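S.K.: Got a sequence here, can you model it:
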Amino acid sequence: MDAVAVPLSDLTSMPEPQQVYAADGTRLATYTWGDLDAPVVVAVHGFASNARDNWVLTGWVRELTRAGYRVLALDQRGHGHSAKPHQPVDYGIRTLATDVESVMDAYLVDDAFYLGYSLGARVGWEVVRDLPQRIERAVLGGVPDGIPLARLNLDQVRAYIADGTPVADQTTQNYIALTERVPGNDLQALVALAEGMRASGTIDPDPADAPTRPILFATGSKDAIIEGSRALASAAHDGRFFEIPNRNHFNAPGSRDFKEAGLAFLAEG
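M.R.: Numbers count the residues shown, from 1 in each chain. Predicted coordinates:
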């Protein structure tokens, strides 16, 4: 694939979001970069992040576009410029996966590559498994096994929201710091998302029902979930694992090694 020269300014600023409506009517903010006729990479961000934070500021959009891809990204419900419902029922894993399909349908994208990180990678497991005819291959970074956001102490978060009660649990402190780092985040919506993910009947990735398309699993060497991610890679029918050197869960998306490995894997398609 021929590389495409794109002005740097076009890749560090955000286009105006285009609104797509999910199957249940929830408004989703979407963004595109690159040649309309180029192969599409659907990019789905992680918890408490958004398309800009996860893919633009880390250089992924720049590198993908330079390599000749068109990037189609969305702010997942509860994030960015998308609607932020406060009810857990609006955040099941199946709902989040269906949102991605709705965005592809709205843009008339019949087939694409998939790029997801953290929550976006967990959603990607579902999307690639359910739509093998539309997803050629996928890069799933920092994908957790088990129950997403299980270590978040919801009672402490609710007390913090209600009256500023200090949060004692260190992991929960980290999640709150992550949430407050990104402008526009709504902590109540993200608590609802955590509750919705826990309540879903299809939360845990099932190795017996793994996606069949080629997948690169990539997780930071300093990420606590690395062994779970490695196990999912082993369970996948055509999975590979890449250990991102010297990165934890929060700074892995910006890794040059991660981007190079992801781009090389997509180029095999």
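S.K.: Low-confidence regions, the stretch 1-150 of the chain specifically.
M.R.: For the stretch 1-150 of the chain, residues meeting the criterion pLDDT under 70 lie at 1-12, 147-148.
S.K.: cool, and the stretch 151-269 of the chain?
M.R.: In the prediction, the stretch 151-269 of the chain carries residues with pLDDT under 70 at positions 200-204.
S.K.: can we see that at 80?
M.R.: In the predicted model of the stretch 151-269 of the chain, residues 151, 198-206 satisfy pLDDT under 80.
S.K.: any idea where the strands of it begin and end?
M.R.: All strands of the stretch 151-269 of the chain, identified by DSSP state E, counting those that start in this stretch, fall at 215-220, 239-244.
S.K.: Let me see the ranges of the helices in this structure.
M.R.: With helices called from DSSP state H, the chain shows them at 8-12, 51, 60-66, 93-106, 119-130, 154-163, 170-181, 187-199, 226-235, 256-267.
S.K.: hang on, isn't Ile226 packed against Leu232?
M.R.: No: contact criterion C-beta atoms under 8 Å: Ile226 and Leu232 do not qualify, at 10.9 Å. Quick note: C-beta positions are derived from backbone N, CA and C, even for glycine.
S.K.: The nearest residue to Gln133 once chain neighbours are set aside: how many residues sit nearby?
M.R.: Of all residues not flanking Gln133 in the chain, Asp111 sits nearest, at 7.7 Å (C-beta to C-beta, 6 or more residues apart in numbering). Asp111 has 12 neighbours, counted by other C-beta atoms under 10 Å.
S.K.: hang on, the earlier thing: would you reformat the helices of the chain as a markdown table and include mean neighbour count and distance to Gln76?
M.R.: Shown next, in a markdown table, are the helices of the chain (neighbours: other C-beta atoms under 10 Å; distance: least, C-beta to C-beta, whole Å):
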| stretch | mean neighbour count | distance to Gln76 |
| --- | --- | --- |
| helix 8-12 | 12 | 21 |
| helix 51 | 29 | 9 |
| helix 60-66 | 22 | 16 |
| helix 93-106 | 20 | 6 |
| helix 119-130 | 25 | 7 |
| helix 154-163 | 14 | 19 |
| helix 170-181 | 15 | 14 |
| helix 187-199 | 20 | 9 |
| helix 226-235 | 18 | 20 |
| helix 256-267 | 18 | 20 |
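S.K.: who touches the residue lying farthest from the centre of the chain in this structure?
M.R.: With distances taken from the mean C-alpha point of the chain and given as C-alpha atoms, centre = their mean, the most distant residue is Asp163, at 31.0 Å. In this structure, Asp163 makes contact with no residue, judged by C-beta atoms under 8 Å, 6 or more residues apart in numbering.
S.K.: now Val191
M.R.: With contacts taken as C-beta under 8 Å, 6+ apart, Val191 has the following neighbours: 154, 157-158, 161.
S.K.: Run a quick check on Gly46 versus Tyr117, I expect a contact.
M.R.: Yes: using C-beta under 8 Å as the test, Gly46 is close enough to Tyr117 to be in contact (4.6 Å).
S.K.: Need the residues touching each of the two.
M.R.: Counting by C-beta under 8 Å, 6+ apart, the residues touching both Gly46 and Tyr117 are 54, 142, 253.
S.K.: Phe242: which of those is nearest?
M.R.: Minimum distance to Phe242 across the shared contacts of Gly46 and Tyr117 is 11.4 Å, recorded for Gly142 (C-beta to C-beta).
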